[in-house]
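S.K.: Structure, please.
(2 chains)
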Amino acid sequence: MAEAETKSIDSASVKMIEKAVRDGVNTAFDRAETMKPCPIGMVGSCCKHCGMGPCRVPLPKGREETPEEKQKRRGLCGATAETIAARNFIRMVAGGAAAHSDHGRGVAELFLAVAKGEAPGYEIKDEQKLLQVALDWGVEIGDRSNQEIAIDIGEIALSEFGKQEGGVLFLRRAPLKRQELWQREGVAPRGIDREIVEIMHRTHIGVDQDYRNLLKQGVRAAIADGWGGSMIATELQDILFGTPAPVLGRINLGVLKRDEVNLIIHGHEPLLSEMIVVAAQEPQMLELAKSKGANGINLAGMCCTANEILMRHGVPLAGNFLQQELALVTGAVDVMVVDIQCIMQSLTTVAECYHTKIITTAAKAKIPGAIHIEFDEHNAMESARAIVKTAIENFPNRGKNIDIPEEQTDLVAGFSHETINYLLGGIFRASYRPLNDNIINGRIRGVAGVVGCNNARVKHNENHVAMVKELIKNDVVVLQTGCSAIACAEAGLMTPEAAAKYAGEGLASVCEAVGIPPVLHLGSCVDNSRILMAATAMVKDGGLGDDISELPVAGAGPEWMSEKAISIGQYFVGSGVFTVFGVNWPTLGSNEVTEFLFKDFEAIYGGMWAFEPDPIKAAHLMIDHIDKKRKALGIDKARERVLYDMAMRRELT
Amino acid sequence: MSKIIASAAIRGAYKIIDQAEKKWQEAMDRWGANEPVGFPNTAYYLPVIYGILGVKVEKLGDMESVLKRCKSLLPPPVRENCPLPYLAPALDAGMATFFAEELLEAIRYLEQPDFYTKQEDPTDTNIWLGAADDVILRKRGIEFVDGTAPGFAAILGAAPTNEIAVKIAQDIQKSNLYTFMCAEHNGERFAEQLVEAGVQIGWPTRLVSFGPDVTAAVFAAGFAIRVGFTFGGIGPGEYRKHLIYNKDRCFAFAMPLGYVTDEWYANALGCVNFGFPTIADTPIPEILPTGVCTYEHVISNVPHDKIVSRAVEVRGLKVAAAEVPVPVAFGPAFEGERVRKGEWYLECGGNYTPMVEWVTTKRMDELEDGKVEVIGPEITDVPEESRLPLAIAVEVAGREMEEDYEPILERQIHHSINYAQGIWHIGQRDIAWLRITKAAFNKGFRLHHIGALYHAKMHQDFGRIFDKIQVTLYTEEDKVKEIVEKARAVYGSRDARIEGMTDETTDTYYSCTLCQSFAPNHVCVITPEKTGLCGSYNWMDCKAAYEINPTGPNQPVEKGEIIDAKLGQWKGVNEFIYKASRGNLDYYNMYSIVHDPWTTCGCCECVAAVLPLCNGVMTVNREYAGETPCGMKFTTLAGTVGGGISTPGFIGHGKYNICQRKFMSADGGIKRMVWMPKMLKEEIADRLKARAEEVGVPDLPDMIADETVGTTEEEILPFLQEKGHPALEMESLLG
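M.R.: Coordinates of the predicted model:
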């Protein structure tokens, strides 16, 4: 096998890795070879929270540690390996929760500006969802205009971040039993920012030094992310840009076009990209492109921005996290515009080898060597036009060294939890009943959320695709977001035809009946909040217990790498979902902390973590958990058909 | 493959909606937007459109918005490769198909007013009945409510042969279901096949020939929606409630026979919205996963001999089919058969020979259970078209048997005989009348089978109240006359005993929640002086029903402390109402129409309404389709008061109840009655006369106005004044 083929299961990526080598371009795939992860930091045994350290407290290798050794395994300040591992872990939660929530805050700011009429070009697109959020938050509807309602919602949304007491409002959407559990365990977040700040405080030298107490705060901050910052981001984005509905898309590097201006939108927020989509269709832009010898303007997305504009507009998707450098290696990208999160700084270095221009747009995310065109919500269209224009004008500068791989795959995306509700019964009979019904009757064994990043420490996309194939083969329907969704879409798992090809007989029959793929694309990584809502909808439809923790569901992040992934995992666990991660596990430096997360959490939250680098074995951990839940629900055995007589009908309420 | 079905259904929806739009455009050009349109005699406009969308289509112009809605529901065709999800859009397209079909059929009523017979039976020249009007709906709806007809089979197309058609129809009848028929396959239609084979079709035999085209399938959907309106108390536009109601309570399914066209698929998907699955005899694709329907959505390629039982199973219905040892088919679906002159082999009773039916109680050791004797000539001893005298003497014994149950078991003779195919029976006691057809005779039916079927049916339904039953059939005139004499003496003492019972002297009343399978919030309380408002149950029936099934819909209600003796309110009754209405009501009055009267389900025989100008009350029976002085037809009235709510000024009640002493006694009783349809007055004439004499106004029947006097208060008031109607002199009814 050629070396490049060991780095990705995706042939388009392999071709570009090979081209990068030929072109003398250094990529993450090379850096993963030349630089190994720090083995002590990797397992959470390095503390650099004060100027006396960094203190390294690794476990002895290959044997049990003696009590004396354990006694000595402390930082200078006396913090034990447990404290250090827990501190590191929840600081990752804080980082992830901060990233999602700051994204949510950005959306809320734009939302309020739109409501007040201060952001030209934007509008309220989904009135139904506006009213739904108004109901959820107790905003008066009456005869008020959408604008008045939206101003209230925008103000409440912003205040969610900075509030000190009173609790995050979307918590009320959770099943009652879950809300009670959060209150009982003291993990219901008071506000969003507060819980993140408190992590930073507690993990400062000499503050919280009980790993159990630290991990509990981690749960609280993570819930503030999933049921707070992320959910605010998703809901307000839907109101502004429309709730996604099923849409046909194409995916992989093959969506780039030789004869058109290629503009890649990379990052996480849909705020500016929505405007770029509009600007790229303007006649004067198309005219300009023509004058530069291009046959059109080809927008393509990358990472989660891509997921956002794919879900809402069917804009083609060029690839996931580890394909960002490779897209540039095609030599055909005229501009890559980026906003926030998961942007490799090396993009500018790679771009130097070609004609590509990198444009940063967020005041909080700049890169030396990139052009900065700042996104201004009051003048978004102008920023968007400037970006499109830059791309068009760069088209004639393309070099001769162009190679666009032909690979591109169809996919059906756009499965919001509201859409799933519709798809299962149509306008007049919309409900989750058919899903619950087919779970109860065993055609569907359970539901898995497989999400998260790419990680250059493992073969690109391999874990995602292997795990998801194994799950659907065993009749587990898979919900996806983020780079994991992109990986499986590239492997062709997100077409309706994939059901007959890869899924077990039961799952395939349901997919065929409804006309859906066995693997459903729910959006970007903030859209993991959609999975929480889907799980809640399943609980509320009945027959599968009273809490998310009773559902036959499981979660996974098989190629995780970002702090956001840890925060997502933690809020799934805190919401009652068994969640298994791959690659490595950041608390292995402490058996106690790991044990607490993997075992004790279940008794407290009904959900717990697990670590399994082998994707097939990990899939079976999930399936075992699903089977355990099925048994507890008493749906592990075939049931007799119930025939109704009149007396039974009278009993119906 | 769901995809093939969805693709076809969406294509079919396009075709039907397209057709509707063209027809509508033509009609608009011809009649204009203000032309009234609608189905005959219904308060529910075009029912599917009204129930689902809440839109009243009264004029041609009203159809425009519906057509727009149809088009907005139409999804793009299903792509061959990598299609977008298709089930939900196909379900929407199915619903849009129903809307369009209602428009098409409404325009047909306008263009060809005589296309359908608009009655319960076919005529000699036309077998197509069209949409059920509200009279038929309410009359037949009760069978849905009490469970004698748990649902319907909507048949499209035709069976391969007439014999198979007859077999399928009979299997459906035996499952107690209605058969709704429409559409053609290879130039043949199921209803026509039955007629050719000599089967009696029409509402009375539950074989309903809706229409010749596929669009008539919407009459079945409309019937289902109106069951939700009339009995479920569901409002217009409450689409989700209508559809879930039907999924849970109306055990219907579609049965396409023959090639399934795109239009048929569109209708099938429309049905799935209602939770009605499709069971086909052709090898079409299947949709097995459950969810929108209770079980499978589409099942195909089912052999004709198994198709009905398979359909019943897929729909999730438990059929209580009677196993009765007679050589003819047996079930409530055969109750409505007619037997005309020339068709019968033997006739008994009527005005031609003496006939009597009598149930009497014996000691256990006197009887041999199941013994049936014919004393005198059997049917085989007489030639075709003979008449014989007949006494059906039934002797019953058992530890739980009480004399009070005799009339209940006796009344069952009528039902059980009529359930047999080819046997016709009306009347009771000494005015009974029986005909046995030549067809039944040829199948081997004999007089002794009457005893056998009665014995079997009584053991099934009433086995708890007796242990032994023995039947003797006398066919010799002197014997029959002897029995008549004995029976008459017993009838007299029975009547006296029942008449003597009063609410005051009885501590235990009975509830009736029989109709809660369809009207979940309604509860009847039945006292000796107030029979059930559907006319089916009196106090004694309830008592027996409770003995037979102690956990059933008839429960004893200890009336408890009196709260108001005049209005008829008791503490125990109130507590019961609260519980049985699932908290929807905490009390009502039993003796008043004005002050918080009792609630009404959709199945009442009559509705009474206050007429303020006349200071009186009118009542109208559901068979009367005309206008009434309160400004509403029966069906509108029933729609207004139904659904388990107390509506001052209006009550639903039974016909028998009119002449009971406690009927509106708090408001002045029968003396308040100022108007009723002529047909009702005639029907209850004897009892009305007796009651009028009892209250000291012997001429009252003549003082009560009817439609020949007028159908507005202004029209009838001078008549009442002229006759000196007592209501005019009574204290103001509205206080």
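
S.K.: rest of the way, CA atoms for contacts and neighbours
M.R.: Fine.

S.K.: how about the strands of the stretch 551-700 of chain B, start to end?
M.R.: Counting by DSSP state E, counting those that start in this stretch, the stretch 551-700 of chain B has strands at residues B:556-558, B:562-564, B:569-570, B:606-611, B:616-621, B:650-653, B:673-675.

S.K.: show me where the stretch 401-550 of chain A has strands.
M.R.: A:409-413, A:446-450, A:476-480, A:519-521.

S.K.: Turn the ones you listed into a markdown table, including distance to residue A:535, mean pLDDT and mean neighbour count.
M.R.: As requested, these are exported to a markdown table (distance: least, CA to CA, whole Å; pLDDT from 0 to 100; neighbours: other CA atoms under 10 Å in any protein chain shown):
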| stretch | distance to residue A:535 | mean pLDDT | mean neighbour count |
| --- | --- | --- | --- |
| strand A:409-413 | 19 | 97 | 26 |
| strand A:446-450 | 9 | 97 | 28 |
| strand A:476-480 | 11 | 97 | 28 |
| strand A:519-521 | 14 | 97 | 29 |
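
S.K.: follow-up on the earlier one: closest to chain A out of the strands of the stretch 551-700 of chain B?
M.R.: The minimum distance between chain A and the strands of the stretch 551-700 of chain B falls on strand B:556-558, with 17.6 Å, by CA to the nearest CA.

S.K.: Just checking: what are the partner strands of that closest one?
M.R.: strand B:508-512 (antiparallel) (DSSP bridges).

S.K.: State the next helix or strand along the chain beyond the partner strand.
M.R.: Tracing the chain past strand B:508-512, the next element assigned as helix or strand by DSSP states H and E is strand B:524-526.

S.K.: tell me what that following strand is packed against?
M.R.: With contacts defined as 3 or more CA pairs under 8 Å, 6 or more residues apart in numbering or on different chains; DSSP states H and E, the packing partners of strand B:524-526 are strand B:508-512.

S.K.: can you give me the mean pLDDT across the strand it packs on?
M.R.: For strand B:508-512, the per-residue pLDDT values average out at 90.

S.K.: Give me the below-cutoff pLDDT ranges for the chain.
M.R.: Going with chain A. Confidence mapping of chain A against pLDDT under 70 gives the ranges A:1, A:653.

S.K.: look at chain B instead
M.R.: Across chain B, residues meeting the criterion (pLDDT under 70) sit at B:321-322, B:515, B:517-518, B:536, B:602, B:643, B:735.

S.K.: Show me the residue at the heart of the chain, geometrically.
M.R.: Here I'm looking at chain A. To find the centre residue of chain A, average its C-alpha atoms and take the closest one (CA atoms, centre = their mean): that gives residue A:525, at 1.9 Å.

S.K.: Can you look at chain B instead?
M.R.: Centroid check for chain B by CA atoms, centre = their mean gives residue B:140 as the closest residue, at 2.2 Å.

S.K.: What helix or strand is it located in?
M.R.: With secondary structure defined by DSSP H and E, residue B:140 is part of helix B:134-146.

S.K.: Other residues contacting that helix?
M.R.: A:646, B:41-43, B:120, B:149-151, B:223, B:226-227, B:230-231, B:250, B:514-519, B:602-603, B:622-625, B:635 (CA atoms under 8 Å, 6 or more residues apart in numbering or on different chains).

S.K.: got the angle between it and strand B:616-621?
M.R.: Between the axis of helix B:134-146 and that of strand B:616-621 there is an angle of 80 degrees, by axes from the mean of the first three to the mean of the last three CA atoms, to 10 degrees.

S.K.: Go through helix B:134-146 and flag the buried ones.
M.R.: Within helix B:134-146, the residues scored as buried using 16 or more other CA atoms under 10 Å in any protein chain shown are B:134-146.

S.K.: thinking again about what came up before, hang on, the residue nearest to the centre of chain A packs against residue A:480?
M.R.: No: in terms of CA atoms under 8 Å, residue A:525 does not count as a neighbour of residue A:480; the distance is 9.1 Å.

S.K.: any idea how chain B splits into domains?
M.R.: What the record gives for chain B is the domain set B:2-314, B:337-495, B:508-729, from automatic domain parsing.

S.K.: Any chance of these in a markdown table with distance to residue A:515 as columns?
M.R.: Supplementary listing: these in a markdown table, determined by distance: least, CA to CA, whole Å:
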| stretch | distance to residue A:515 |
| --- | --- |
| domain B:2-314 | 4 |
| domain B:337-495 | 47 |
| domain B:508-729 | 34 |
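
S.K.: closest to residue B:257 out of the strands of the stretch 551-700 of chain B?
M.R.: Ranking the strands of the stretch 551-700 of chain B by their distance to residue B:257 (criterion: CA to CA) puts strand B:616-621 first, at 39.1 Å.

S.K.: What is the subsequent helix or strand relative to the longest helix along chain A?
M.R.: With residue count as the measure and DSSP state H as the assignment, chain A has helix A:81-115 as its longest helix. Elements were assigned by DSSP H and E; along the chain past helix A:81-115, the next helix or strand is helix A:127-137.

S.K.: For that next one, give me every contacting residue.
M.R.: Residues outside helix A:127-137 that contact it (CA under 8 Å, 6+ apart): A:140-141, A:146, A:149-150, A:153, A:169-170, A:172-173, A:235, A:238-239, A:243.

S.K.: Could you do stretch A:256-266 as well?
M.R.: Everything outside stretch A:256-266 that qualifies as a contact, by CA under 8 Å, 6+ apart, is A:273, A:289, A:294-306, A:318, A:332-339, A:343, A:388, A:391-392, A:395, A:404.

S.K.: Swap in 6 Å and give it another go.
M.R.: A:294-302, A:305, A:333-338, A:392, A:395 (CA atoms under 6 Å, 6 or more residues apart in numbering or on different chains).
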